[in-house]
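Enquirer: what follows is a predicted protein model with its sequence.
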Amino acid sequence: MNYALLDNKPILLQPDTYNRIPFWRMAARQDKVRCPACGSPLRLVAGISFEPYFAHSLETDCPLLPQNSPATFEWLQALDETAAATLHPIVTGTAAVASTDAVVEHTPADADGTSSATGAPADDSLGRATEKASGEDDRTETETDTTTIGSFRLPKKRTIGSSVTPAPPPPQPPVFRKRFMPKKTIAHLAEQQLDQPLHPTQQQAVHATDGPLLILAGAGSGKTRVMTARTAHLIKDLGVEPNRIMVVTFTTKAAEEIRLRIARQLPSGQARELIAGTFHSIFYRMLLHHQPNNWDQQRLLKKDWQKWRLLRETGSLLGHDELAALKETDITEALGIVSRWKNEYILPREVAYRELATDAEKRAAQLYPLYEEAKKKHQWFDFDDMLLGCYELLRDNQNLLQRYQERITHVMIDEFQDINRIQYETVKLLCAPQNNLCVIGDDDQSIYGFRGSDPQYILGFTKDFPQASTITLEVNYRSHSSIVSLGYSLIGHNRARWDKACRSFHREEGDTFLFEPDDEEEQASRIVDEIIHRREQGTALGECAILYRTNESTRPLLERLSEAGIPFHYTQEEESFYQRQTVRWTLHYLRLALNPDDTDALREILPTLYISGETWNAVRSQSILEDKPVLHILPHLTQLKPYQRKHMQVINDILAACKDCPPAQALELIYEDGKLRDYLKKRARDREDGRERWSDELQQILAAAKRHATIGDFLAYIEQMTRQEKEWRNMRPLPGEAVHVLSIHRAKGLEYDHVFLPDLVEGALPHEYTLDELRKGQTTAIEEERRLLYVAITRARRSLCIGIPRERFGRKTRPSRFVSEMGR
């Protein structure tokens, strides 16, 4: 139902009140929203694909429930006369409710941030409006509004010739959600030959076995089926021995899938003879065979922390004070750049001749030779060394190279768009001179630039191999047509790409929605409500996926899923949000507001008060002697200067006032009057940390606090989430019984019925780093971000929901430029 009571006053869910949904949702969580008939608490359900409604939280015999509909009007007679008059047309269905399932044209934003058509801020370019109620005219004139002179009808109380400015229209309420229609509509496959295992173009790719071949395989075009069929054709029909065929994939899972599929088509044991695996696994086996003493797996540096420990514990940074003073995160960032250089086969001596654009690259240039020397001295190696070692082994030993060239007659590489230079150069050595090299990939899905991957290798393949044939797999078998069209409309804006035709196998359009929640908290609530709705419609939770660009998007999503009791798959990629230093300090202030004698909390925040750790013992001793809470001792410490003691008294006053405040209001006092924001800003500046992550973290805590009425409730909630987060790390739900929450990068190669993309705003996707590069005139990064979104879109089979929060981390947002590029 769309009506309820809040504080004994009627509330109504309709388009012009949808902006109240976050407030009413919070009130419902506190059991303040009640059923007008039975008085039981109601919950507010507001997803994406359906209109919001109130539902009973518990089982009840309420007369408003469908099974009790004959009794619906009995409770009306007992209502207050005003409330009854308000609610009666709602119940009887006579109130006109506007449809919000509207398509609103996007107006491109000018450089000054205004809409070309209206001059309105570009923030509103998504059409934050609703359609009018059915049957409502633009204007109704009656006899009493006008007077007639001859054949002229003039408004009353108006002088002829007077200039009257009409009143501006009232502000229109935001759109709850709307269909997102692609700018370009692609064609369907003319004939769906369901009885044929392969489409004619796929069949052509299977039988092209001699010489170099480039297969451009768009998203969902059945490339794994083609690779499997092509391998089976070489073995069964052409008589090629399996151990002469090398199939390279980018994940172990993909290699195993190809082996399993081939095993179904070949006699027993033949599939095991196939040389199949990732670059690292195949090259490492070659190294172990020829140089076993140099490549002991026990000496492999698998993790970043192992590399950091090697540098620290071997004394490699001694004499390099600038590097020794760096944080572990800075060292890890520099080692990431070193890894990229190694994949591009840029050795330490060559780095000196490169133009180093950033401080991180300068640190990496200093660290590179030290890191390589430490590994060599202590006989360690990393994954990048496997690639370098294999390339140099084959390049420098012509007899060995010739033996491999005679042994391996056919090479097939999956996900070729993700290849790096050292991998490509090694493959070219192995496949010569026959060059029976088949590469399969999609330049539109090249998203691993940070690892050294470069789409130029797939774009330039026909230049390296002029005799190469090119076949395009243009039919998308995965996604419904509107989803395919959105992706196609978007990726067409990239300039560095192969131009491809695209068709959809499915004639069903599918569901594509845009929704604009108030902030990241409401966005998460609506996504979870939609997932619950899908589950109630029969969808397995494993067919739902939430794909995010950065980890900052995950906290509210995981919390809402946990609150709703929905199991999920999630790999923690960085430290817990509530364990970050900025967050811990903030929460300790709140704990002190409730308990001024919380010694652990006060000791933790001393740095934010510019009080040294050595002073703690004096504070604790004086507290015991005077039998006062530790917080109350601070204004009286003789070790402090007068202005410091004055500030300590201000802190005491603020926290005393915060005790009975809502947590969001208390946080604002602590941030501003308590000077916590100033301290964090200075701390970041002193550390030369240009990122304002601390500011985002403050705003995230504030957004979370707004959902709670008291500080006690908020802190109890955080303790609950902290406990549950430990469970998330160890949770192993059964396949198909949990929602997938993963980064877009991790989602590549996967597919789901229903995909949710949160935070499609400037600064998130495209990322802020990309926008900085664009301001410098560099377009490479923005094209990779566009490819990243294309990958996210094409993971969806049946529905795609895109969230554009109006605020993110307390700041107004602008819809991503990609929104207007791909749809309307």
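Expert: Cool, got the structure.
Enquirer: centroid-nearest residue for the chain?
Expert: Tyr548 (1.0 Å; C-alpha atoms, centre = their mean).
Enquirer: state the distance from that one to Ala747.
Expert: Per C-beta to C-beta, to the nearest Å, Tyr548 is found 10 Å from Ala747. In this view, the C-beta of every residue, glycine as well, is placed from N, C-alpha and C.
Enquirer: how about low-confidence regions in the protein?
Expert: 66-175, 190-196, 573-574, 687-692 (pLDDT under 70).
Enquirer: ramachandran angles for the residue nearest to the centre of the chain?
Expert: In terms of degrees, to the nearest 10, the main-chain angles of Tyr548 are phi -120, psi 160.
Enquirer: give me the distance between the closest residue to Leu594 other than its chain neighbours and Gln720.
Expert: The shortest distance from Leu594 to any non-neighbouring residue, by C-beta to C-beta, 6 or more residues apart in numbering, is to Ile711 (5.9 Å). For Ile711, the distance to Gln720 equals 15 Å [C-beta to C-beta].
Enquirer: sorry, back to before: from memory the residue nearest to Leu594 sits against Ala666, does it?
Expert: Yes - between Ile711 and Ala666 there is a contact at 6.0 Å, judged by C-beta atoms under 8 Å.
Enquirer: mind listing the shared neighbours of these two?
Expert: Common neighbours of Ile711 and Ala666, counting by C-beta atoms under 8 Å, 6 or more residues apart in numbering, are Leu590, Ala593, Cys658.
Enquirer: buried subset of the residues you listed?
Expert: Leu590, Ala593, Cys658 (16 or more other C-beta atoms under 10 Å).
Enquirer: of these, which belong to helices?
Expert: Leu590, Ala593, Cys658 (DSSP state H).
Enquirer: in TSV: those, plus distance to Cys502.
Expert: Shown next, in TSV, are these (distance: C-beta to C-beta, whole Å):
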residue	distance to Cys502
Leu590	53
Ala593	58
Cys658	58
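Enquirer: which one of those sits closest to Val351?
Expert: Minimum separation from Val351 among those (C-beta to C-beta) is found for Leu590, which lies at 48.1 Å.
Enquirer: ok, and for the host helix or strand of Ile718, which residues are buried?
Expert: Here Ile718 sits within helix 711-730, counting by DSSP states H and E. Within helix 711-730, the residues that count as buried by 16+ other C-beta under 10 Å are Ile711, Phe714, Leu715, Tyr717, Ile718, Met721, Glu725, Trp728.
Enquirer: now the strands for the stretch 151-300 of the chain?
Expert: 152-155, 178-179, 187-188, 213-217, 245-249, 275-278, 300-301 (DSSP state E, counting those that start in this stretch).
Enquirer: quick one: closest of the ones you listed to Ala781.
Expert: Of the strands of the stretch 151-300 of the chain, nearest to Ala781 by C-beta to C-beta is strand 213-217, at 23.2 Å.
Enquirer: which elements pack onto that closest one?
Expert: helix 223-232, strand 437-441, strand 469-473 (3 or more C-beta pairs under 8 Å, 6 or more residues apart in numbering; DSSP states H and E).
Enquirer: what lines up beside that strand in the sheet?
Expert: strand 437-441 (parallel), strand 469-473 (parallel) (DSSP bridges).
Enquirer: that older thread, helices or strands next to the helix holding Ile718 in the packing?
Expert: Counting contacts by 3+ C-beta pairs under 8 Å, 6+ apart, helix 711-730 packs against helix 554-563, helix 581-594, helix 663-672.
Enquirer: try 10 Å
Expert: Where contact means 3 or more C-beta pairs under 10 Å, 6 or more residues apart in numbering; DSSP states H and E, helix 711-730 is packed against helix 554-563, strand 568-570, helix 581-594, helix 663-672, helix 693-705.
Enquirer: just want the angle from it to helix 693-705.
Expert: 110 degrees (axes from the mean of the first three to the mean of the last three C-alpha atoms, to 10 degrees).
Enquirer: from the chain's centre, how far out does the helix or strand just after helix 711-730 sit?
Expert: Remark: after helix 711-730, the chain's next helix or strand is strand 739-743, criterion DSSP H and E. Relative to its parent chain, strand 739-743 has a centroid offset of 9 Å by C-alpha atoms, centre = their mean, to the nearest Å.
Enquirer: then stretch 277-293?
Expert: Per C-alpha atoms, centre = their mean, the centroid offset for stretch 277-293 relative to its chain is 35 Å.
Enquirer: and that stretch, what's buried?
Expert: Gly277, Thr278, Phe279, His280, Ile282, Phe283, Tyr284, Met286, Leu287.
Enquirer: burial of the closest residue in space to Pro662 that isn't next to it in sequence, as a residue count?
Expert: Nearest residue to Pro662, sequence neighbours excluded (C-beta to C-beta, 6+ apart): Ala709, at 6.2 Å. When counting by other C-beta atoms under 10 Å, one arrives at 15 neighbours for Ala709.
Enquirer: quick check, Ala709 in contact with Pro663.
Expert: Yes - when contacts are counted by C-beta atoms under 10 Å, Ala709 is listed as touching Pro663 (8.2 Å).
Enquirer: fine by me, we can end here.
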